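K.L.:
Okay, structure incoming, though there's no sequence with it:
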């Protein structure tokens, strides 16, 4: 059950990461005309970068917790 929740969460994280990656060019290119903006949306750019960093840190934390749980289960089996 925990593995299914982990994969479902990974799918959500991948979708969020995709939106954040799309937000970076949108900060500099106007979606309506396709031209470079005179004044780029700097807060959108930095929010996307911060979100990407947060997703990477969270997924690393999640992987670390899953590895610790697997090690705990393995130690319990061999005792």
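P.N.:
Here it is on my side, so go on. Owing to the predicted nature of the structure, the values given are computational and were not obtained by experimental measurement. Residues are numbered from 1 along each chain as shown.
K.L.:
Every contact and neighbour count from this point should use C-alpha atoms.
P.N.:
Fine.
K.L.:
Remind me which helix or strand residue 43 belongs to.
P.N.:
Taking DSSP states H and E as the criterion, residue 43 maps to helix 42-78.
K.L.:
Buried residues in that helix, which are they?
P.N.:
Using 16 or more other Cα atoms under 10 Å as the test for burial, helix 42-78 gives 44, 45, 48, 49, 51, 52, 55.
K.L.:
average pLDDT for it?
P.N.:
What helix 42-78 shows for mean pLDDT is 88.
K.L.:
could you say what helices and strands that helix packs with?
P.N.:
Contacting helix 42-78 under the criterion 3 or more Cα pairs under 8 Å, 6 or more residues apart in numbering; DSSP states H and E are the following elements: helix 2-28.
K.L.:
tell me the angle the helix it packs on makes with helix 42-78.
P.N.:
160 degrees (axes from the mean of the first three to the mean of the last three Cα atoms, to 10 degrees).
K.L.:
Show me what helix 2-28 is packed against.
P.N.:
helix 42-78.
K.L.:
Can you give the distance of the helix it packs on from its chain's centre?
P.N.:
9 Å (Cα atoms, centre = their mean, to the nearest Å).
K.L.:
related to what we said a few turns ago, so which of the buried residues of helix 42-78 is the closest to residue 22?
P.N.:
residue 48 (8.6 Å; Cα to Cα).
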